[in-house]
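S.K.: can't give you the sequence, but here's the structure:
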C-alpha cells in the first residue's frame, strides 16, 4: 500500500506522539513502515517546511494522495519539542 516517502491523507482523527490532534484531510509523509505495513510513522509539516507533528498512523486511518486532491490550510499549535 504505502512505502517510505509516500504522501498520505488522513481519513480519521489521529493523535500525534506529542498530543496534537490531527484531522481527516491532513497530509503527511511516511517516514517509517512498521512490520506488516499495518502502521506507519508519518511526519506532518507546515507549508513552510517545519515539522509540526509525528504520528503513528494505522493503514485504515489513511489513503493515498489523489491527483484531484485540493490543498487546504489550518493552523495548529506548534510544539517546541520537535
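M.R.: Received it, and whenever you're ready, just let me know what you need. Predicted model only: the values in this text are computed from it and were never measured.
S.K.: residues contacting residue 29?
M.R.: 5, 6, 7, 8, 42, 43, 45 (C-beta atoms under 8 Å, 6 or more residues apart in numbering). All C-beta spots, glycine's among them, are computed from the backbone N, C-alpha and C.
S.K.: ok, those residues vs residue 14, which is closest?
M.R.: residue 42 (8.3 Å; C-beta to C-beta).
S.K.: okay, the closest residue to that closest one other than its chain neighbours: pLDDT?
M.R.: Leaving aside its sequence neighbours, residue 42 sits nearest to residue 28 (C-beta to C-beta, 6 or more residues apart in numbering; 3.9 Å). Looking at residue 28, its pLDDT reads 96.
S.K.: so how far is the helix or strand hosting residue 28 from its chain's centroid?
M.R.: Using DSSP states H and E, residue 28 sits in strand 27-33. Going by C-alpha atoms, centre = their mean, to the nearest Å, the spacing between the C-alpha centre of strand 27-33 and its chain's C-alpha centre is 6 Å.
S.K.: Bridge partners for residue 28, pull those for me.
M.R.: residue 8 (DSSP bridges).
S.K.: any idea which residue sits dead centre in this structure?
M.R.: Centroid-nearest residue in the chain: residue 28, 3.3 Å away (criterion: C-alpha atoms, centre = their mean).
S.K.: Following element in sequence after the strand holding residue 28, please.
M.R.: For strand 27-33, the succeeding helix or strand toward the C-terminus, using DSSP H and E, is strand 39-45.
S.K.: still on that earlier bit, and the angle for the strand holding residue 28 with strand 39-45?
M.R.: 140 degrees (axes from the mean of the first three to the mean of the last three C-alpha atoms, to 10 degrees).
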